[in-house]
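K.L.:
I'll drop the sequence and a predicted model, then ask my questions.
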Amino acid sequence: MGNFRPDVVFRNPGEIAQYEFTFLLVELVLYTMALLSFLHARRQGARYFYLWWAALAHGLMVELLSYLSDDIDNFWHAQSMIMFFARREPLHIILFYPAFIYLATVAVLRMNLRESVQPFAVGLMVVLLDVPWDIMGIKLLWWTWHDTDSNIFDRNYWVPWTSYMFHATFASSFCFIYNGSRRWFTGLSGTYSLADIERMPYTRKVRAQNTWGEVRAMLLTAMCSMPLGALQFQPAYHWPRDILKVPTEVCVFILAGVYFAAALWGVAYWNPRNLREEGEREEGRGAVRAARGQWHWDELVLSAMVHYFFYIALVLTVDPAKIVAVGEHQAVGPCDHETVIKYSYNKLFPGYMDEVVIGKKTYLCRHDYDEAYFNFNCPQAGGPPAQDLTTWYPVCGTPYENHAEYVIIVVAASLIGLAIYVQVLCYPRSLREVLRDMLFKREFPRYYHVSEPQTAEHWKAYRGSAALAQPAPLAEILERRVSASTGGFEYRVRWGGDGAGNDGAVEAWEEREELLLDGSGAHYGERGGLYGQFWADGPFGGSGTRERLRVFDDLENAKERLRLGEEKQENKAAAAKGGRGGAAVEGSAAATASACGRQKCTSLFSYMNAASK
């Protein structure tokens, strides 16, 4: 172990593997999950990317402030390969937050809940990830708890009930503040990718590029999410627990019930889209899409599987009695020394509440402690035995009290959590269907990301008989008309070439929907084309087809309004001349109807105008 800076310590991974090999494994698993979530965030771009960094900043702030507060500084992590804050904070614990919160938040976004109930769902989804982590983490000595701290005294499988409350309230606070601050600083709600920005109207697209607003929202979330989470602890835990002596598990179940009721209301009463229909349509499209792009393995599904299968493997194969954790722990010292904590509820509720005084032992008593998941019977394995007033010493794992019970609770929690995450991320497929495809068809869940075409085969699959030899951009939009079959717009466009002539270009009439799906141009930051011309010298390397069609339609509609205005003036002038006025009007209407019959109308407005006459 060597010090490179006063606040950073590196540890030899071989040493970790010798005494605490499961801790080395979980460190690598969290690095993998954080990397997978980062790859997903980078590929989606826009607010997904900012979401990942916001979760990281939130985690860094929470961990740093935890060591500065006596109420929260009641745990000690094992020593990983990279440690911060005077050997108290492993690097993978900081990455725990983007790994868990990003995965949970994106899963909730797939549920299509309204923004006001998303924080409650995010809190529950984070707890689903946390249950096997907490149960196996304490049993395998990835961290240790303070022996007599009242805030973590009530436990289940040596996991404090307040740990679940911590993850739920802090994750929900993160989501609540982040959603609100983004709306405040940018004027836009929701989480959208670069592809989503491409489909936005121009004015909304401009607001979506507010980088400074996104950064401010991220910083505000990092600073305020922990205080809001701590504020939730007051009515949810401290008031009933400290004043009314309500057991902590009752407080946790009440909080979980409130969160679940809010999330269930969001699922039941806010579902404007038919998600099953959309999911089945997604599956039915197959490996070839109209949009240019490529398939990617779903990093978040892989992350969830790595997480849950890891804990199933641990509980089935690892013997905790062989674990030796050498590092920072609660200081060993005199058994009779106490620290007194006072809660001034009498100031909050004057005349109704008294000051609450809670005491805890300052030091861990080697001969009288209630932490059955470790003991001191292995000092020779990793260093000198614990001495008075020392915080660095080895502790040893203990056997399972009932291994079958641990297997049942960890496997059940992992399979339930995995089923929920896979069901949400791979909708409408279930966990059984996904595992069946992986085992027998060797197919992993994938999603489609719109981009430029990769091969001529992609292009031919999209273009059909009008395909060029190689993928080509949309060079120019020439004219439009109303389709006699669908009643919608179709456009005469030129594919390929240089955008100015016919060199290597192909012209064809295309439906509007097909053009909107070609994925052409930059994903964001566009100002549109030059009335249908391919603006290759623009600041973003050319405009997207959707934006170019919008500009082209604006020009055509303006021309149509001018033409109809001139026609109206001519009809009025003809009507003023007397007897020839009626014939002039009828002749004009007949000419318009005849033109529409030949599919030459340039807008739905003129088509409807001709039909009304």
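P.N.:
Done, it's in. Residues are numbered from 1 along each chain as shown.
K.L.:
Return the set of residues that bridge with residue 324.
P.N.:
Beta-bridge partners for residue 324, by DSSP bridges, are residue 396.
K.L.:
And the one 4 residues further on, by the same measure?
P.N.:
Bridge pairing for residue 328 (DSSP bridges) gives the partners residue 392.
K.L.:
was I right about it contacting residue 80?
P.N.:
No - the criterion here is Cβ atoms under 8 Å, and residue 328 misses it with residue 80 at 11.7 Å. Yep, even glycine has a C-beta here, placed from its N, CA and C like the rest.
K.L.:
more crowded one of those two?
P.N.:
Between residue 328 and residue 80, counted using other Cβ atoms under 10 Å, the more crowded position is residue 80 (26 against 19).
K.L.:
Could I get the full set of strands for the stretch 101-250 of the chain?
P.N.:
143-145, 155-156, 159-160 (DSSP state E, counting those that start in this stretch).
K.L.:
So which of these is nearest residue 490?
P.N.:
strand 159-160 (62.5 Å; Cβ to Cβ).
K.L.:
which other helices and strands contact the closest one?
P.N.:
Under the contact criterion of 3 or more Cβ pairs under 8 Å, 6 or more residues apart in numbering; DSSP states H and E, strand 159-160 touches helix 118-139.
K.L.:
If you count contacts, what does the helix it packs on end up packed against?
P.N.:
Checked by 3+ Cβ pairs under 8 Å, 6+ apart, helix 118-139 has helix 91-110, strand 143-145, strand 159-160, helix 161-186, helix 248-269, helix 299-317, helix 403-425 packed alongside it.
K.L.:
Only C-alpha atoms, please: export it in CSV.
P.N.:
Extracted as CSV, the C-alpha positions of helix 118-139 are listed here (Å, rounded to 0.1, in the frame of the first residue of the first chain):
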residue,chain,number,x,y,z
GLN,A,118,-41.2,9.7,-10.8
PRO,A,119,-39.2,10.4,-7.6
PHE,A,120,-41.2,7.9,-5.6
ALA,A,121,-40.7,5.2,-8.3
VAL,A,122,-37.0,6.0,-8.5
GLY,A,123,-36.7,5.6,-4.7
LEU,A,124,-38.3,2.1,-4.8
MET,A,125,-36.3,1.0,-7.8
VAL,A,126,-33.0,1.9,-6.1
VAL,A,127,-34.1,-0.1,-3.1
LEU,A,128,-34.7,-3.1,-5.3
LEU,A,129,-31.0,-2.9,-6.4
ASP,A,130,-29.9,-2.2,-2.8
VAL,A,131,-31.4,-5.2,-1.0
PRO,A,132,-29.0,-7.9,-2.1
TRP,A,133,-26.1,-5.4,-1.9
ASP,A,134,-26.8,-4.5,1.7
ILE,A,135,-27.4,-8.1,2.9
MET,A,136,-24.3,-9.6,1.3
GLY,A,137,-22.2,-6.5,1.9
ILE,A,138,-22.4,-6.5,5.6
LYS,A,139,-22.1,-10.3,5.9
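K.L.:
List the buried residues in that helix.
P.N.:
118-139 (16 or more other Cβ atoms under 10 Å).
K.L.:
and what of stretch 301-315?
P.N.:
Neighbour-count burial for stretch 301-315 [16+ other Cβ under 10 Å]: 301-305, 307-308, 310-312, 314-315.
K.L.:
Read off the pLDDT value for residue 348.
P.N.:
With respect to pLDDT, residue 348 scores 65.
K.L.:
same thing with the one 3 residues further on?
P.N.:
Per-residue confidence (pLDDT) for residue 351: 62.
K.L.:
Ok, the one 10 residues further on next?
P.N.:
On pLDDT, residue 361 comes in at 87.
K.L.:
how about the buried residues of stretch 301-315 in CSV, adding pLDDT?
P.N.:
Converted to CSV, those look like this (pLDDT from 0 to 100):
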residue, pLDDT
301, 90
302, 92
303, 95
304, 95
305, 94
307, 97
308, 97
310, 97
311, 97
312, 97
314, 96
315, 96
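K.L.:
Okay, now the unreliable bits of this protein?
P.N.:
Low-confidence segments of the chain (pLDDT under 70): 1-6, 198-199, 270-296, 345-353, 379-386, 427-429, 447-475, 495-505, 513-547, 578-613.
K.L.:
Please enumerate the helices of the stretch 351-500 of the chain.
P.N.:
Remark: helices assigned in the stretch 351-500 of the chain by DSSP state H, counting those that start in this stretch are 379-382, 403-425, 431-436, 456-463.
K.L.:
still on that earlier bit, now distance to residue 222 too, for the helices and strands packed on helix 118-139, in TSV please.
P.N.:
Listed next are the helices and strands packed on helix 118-139 as TSV, based on distance: least, Cβ to Cβ, whole Å:
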stretch	distance to residue 222
helix 91-110	10
strand 143-145	23
strand 159-160	25
helix 161-186	9
helix 248-269	23
helix 299-317	23
helix 403-425	26
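K.L.:
Could you point out which of those sits nearest residue 21?
P.N.:
That would be, of the helices and strands packed on helix 118-139 and by Cβ to Cβ, helix 299-317, which comes in at 10.8 Å.
K.L.:
Show me what the closest one is packed up against.
P.N.:
Using 3+ Cβ pairs under 8 Å, 6+ apart: helix 299-317 touches helix 21-44, helix 91-110, helix 118-139, helix 403-425.
K.L.:
Identify all contacting residues around it.
P.N.:
22, 25-26, 29, 32-33, 36-37, 39-40, 43, 99, 103, 106-107, 129, 132-133, 136, 140, 406-407, 410-411, 414-415, 417-418, 421-422, 425-426, 434, 444-445 (Cβ atoms under 8 Å, 6 or more residues apart in numbering).
K.L.:
just stretch 182-189 next, same as before
P.N.:
47, 115, 179, 204, 207-208, 210, 213-214, 216-217, 220.
K.L.:
Mind doing that once more with 7 Å?
P.N.:
115, 204, 207-208, 210, 213-214, 216-217 (Cβ atoms under 7 Å, 6 or more residues apart in numbering).
K.L.:
buried ones in it?
P.N.:
Neighbour-count burial for stretch 182-189 flags 182, 185-186, 188 (criterion: 16+ other Cβ under 10 Å).
K.L.:
Widest-spaced pair of these?
P.N.:
Longest span within the buried residues of stretch 182-189, Cβ to Cβ: 185 and 188, 9.4 Å.
K.L.:
List the residues that contact the nearest residue to residue 419 once chain neighbours are set aside.
P.N.:
Sequence neighbours aside, residue 431 is the residue nearest to residue 419 in space, at 4.3 Å (criterion: Cβ to Cβ, 6 or more residues apart in numbering). Listed by Cβ under 7 Å, 6+ apart, the contact set of residue 431 reads 418-419, 422-423.
K.L.:
from those residues, which would you call buried?
P.N.:
Buried among those by 16+ other Cβ under 10 Å: 418, 422-423.
K.L.:
which of the buried residues of stretch 182-189 lies closest to residue 393?
P.N.:
Nearest member of those to residue 393, counting by Cβ to Cβ, is residue 182, at 46.4 Å.
K.L.:
separation between the closest one and residue 312?
P.N.:
From residue 182 across to residue 312, the span is 37 Å (Cβ to Cβ, to the nearest Å).
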